[in-house]
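Visitor: Structure for this input, please:
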Amino acid sequence: MKYHLIKTKSSKIKAKFLALCLYSVILFLISCAENSKIEVDKNPATSGLYDQSLLHDGVARKYLLYLPKGYTSSTVFPVVFNFHGFGSTAEEHMTYADMRSLADKENFILLYPEGTLLNGATHWNAGLDTSNNKSDADDFGFVASLLSELSDNYSIDSKRIYACGYSNGGFFSYALACYLSDKIAAVGSVSGTMLEETYRECNPSHPTPVINIHGTSDVIVPYQGGNGLKAIPDVITYWVNFNGIENNPEINSQLNNGTTTEQYIYSDSTTQISVVHYKIIGGGHVWFDMNFNGFNTNDLLWNFLSAYNLDGFIP
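Guide: Numbers count the residues shown, from 1 in each chain. Next up is the predicted model:
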């Protein structure tokens, strides 16, 4: 005897329901697989510090994001990158060079990215992909991707992106001015310099304001250069010449807590593009705890950088 399966209306509904459930589960699993690639808390609703990561070049790249107390999606905010030195971390550098209270006061978004490992130590790849470069980290691409991520998820002023850093982070800030100049409005360096290669190859797409703070007794990144590192006077001269500024600085000097700081201001009266150098007499390899006319290192950096956007001086 043959038995025939008779599909009732009820069984058809059950079959459709099961198929729909299976489809939903598949979509959920695909979504989970995609989300596991990048563990990022998208667009935090409130101000504060956020530990985030971005998948770039197959590597989960960490960065600390600080949204100021006045953050709102209805207003565009400038962005300040602050890069750590060789062997440091985003957290350590934020403690060492903490700009959060300044970000609250001046209303800018603050980022402390973290470099990848090179021989067991974190670093920033401030050079191009050449045979002499020991690093293969695509840090220029990482910063570009991070800017794209920020633009997609936060309210940023794309014409007011600033880069500053300490030591190796200062090297990288100069390199960003050279190789990612279409995105970086102005840069600052503390105890950092330009690599010989960067110095030779640098050709930004627009005049670039630069602020440099360096000690004359720095034994890690010597003021007079050496071993592939450009002397600070050469770095200043490069940016003065590139920006078409007359090499005739205004010089001011100030003694504070036993330390003399010389300020060199190179400025063009027409474009109002400036290059400013703070020469710390006897200063070592540090993020300086300085006081110049009542302003500390963080203040000096922000006051200088914030005066410019990609189009030049902000009236």
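Visitor: switch to C-alpha atoms for all contacts and neighbour counts from now on
Guide: Noted.
Visitor: hang on, K105 is in a helix, isn't it?
Guide: Yes. Counting by DSSP: H, G, I helix; E, B strand; the rest coil, K105 is found in a helix.
Visitor: host element of the most centrally placed residue in the chain?
Guide: For the chain, F81 is the residue whose C-alpha lies nearest the centre (CA atoms, centre = their mean; 2.8 Å). If you go by DSSP states H and E, F81 is part of strand 77-83.
Visitor: Only the buried residues of whichever helix or strand comes after that strand, if you could.
Guide: Scanning forward in sequence from strand 77-83 by DSSP H and E, the next helix or strand is helix 90-96. Neighbour-count burial for helix 90-96 flags 90-91, 93-94 (criterion: 16 or more other CA atoms under 10 Å).
Visitor: Specify the local secondary structure of V235.
Guide: helix.
Visitor: Count residues in the vicinity of it, would you?
Guide: By other CA atoms under 10 Å, the residues close to V235 number 20.
Visitor: which residues does it contact?
Guide: V235 sits next to 193-194, 199 when contact means CA atoms under 8 Å, 6 or more residues apart in numbering.
Visitor: For C202, see how far away it is.
Guide: To C202, V235 is 11 Å away according to CA to CA, to the nearest Å.
Visitor: And T208, by the same measure?
Guide: Taking CA to CA, one finds T208 at 11 Å from C202.
Visitor: Which of those two has more residues huddled nearby?
Guide: Shown here are T208 and C202; by other CA under 10 Å, T208 has more neighbours (25 against 18).
Visitor: thinking that one is in contact with A185, fair?
Guide: Yes. T208 lies in contact with A185 (CA atoms under 8 Å); the separation is 6.7 Å.
Visitor: Scan this structure for its longest strand.
Guide: With secondary structure taken from DSSP state E, the chain has its longest strand at strand 156-166.
Visitor: Going by contacts, tell me the helices and strands next to that strand.
Guide: With contacts defined as 3 or more CA pairs under 8 Å, 6 or more residues apart in numbering; DSSP states H and E, strand 156-166 has these neighbours: strand 77-83, helix 168-179, strand 186-190, strand 308-309.
Visitor: for the shortest one, packing partners?
Guide: Put plainly, it is strand 308-309. By 3+ CA pairs under 8 Å, 6+ apart, strand 308-309 packs against strand 156-166.
Visitor: Relative to the strand it packs on, what are the paired strands and their orientations?
Guide: In the sheet, strand 156-166 lines up against strand 77-83 (parallel), strand 186-190 (parallel) (DSSP bridges).
Visitor: by how many degrees do the first one and helix 168-179 diverge?
Guide: In terms of direction (axes from the mean of the first three to the mean of the last three CA atoms, to 10 degrees), strand 77-83 departs from helix 168-179 by 130 degrees.
Visitor: could I get strand 77-83 in PDB with only the CA atoms?
Guide: Provided in PDB are the C-alpha atoms of strand 77-83 (Å, rounded to 0.1, in the frame of the first residue of the first chain):
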ATOM      1  CA  PHE A  77      34.600  70.000  15.800                       C
ATOM      2  CA  PRO A  78      38.300  70.300  15.000                       C
ATOM      3  CA  VAL A  79      40.400  67.100  15.600                       C
ATOM      4  CA  VAL A  80      43.800  66.800  17.300                       C
ATOM      5  CA  PHE A  81      45.900  63.700  16.900                       C
ATOM      6  CA  ASN A  82      48.500  63.300  19.700                       C
ATOM      7  CA  PHE A  83      51.000  60.500  18.900                       C
END
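Visitor: who touches it?
Guide: 71, 90, 93, 107-114, 155-166, 169-170, 172-173.
Visitor: Over to the shortest one?
Guide: Residues from elsewhere that reach strand 186-190, judged by CA under 8 Å, 6+ apart: 161-167, 169-171, 173-174, 177, 208-214, 286-288, 301, 305, 308-310.
Visitor: what is the residue nearest to the centre of the chain paired to in the beta sheet?
Guide: On the basis of DSSP bridges, F81 is bridged to L111, A163.
Visitor: This completes my enquiry, with thanks.
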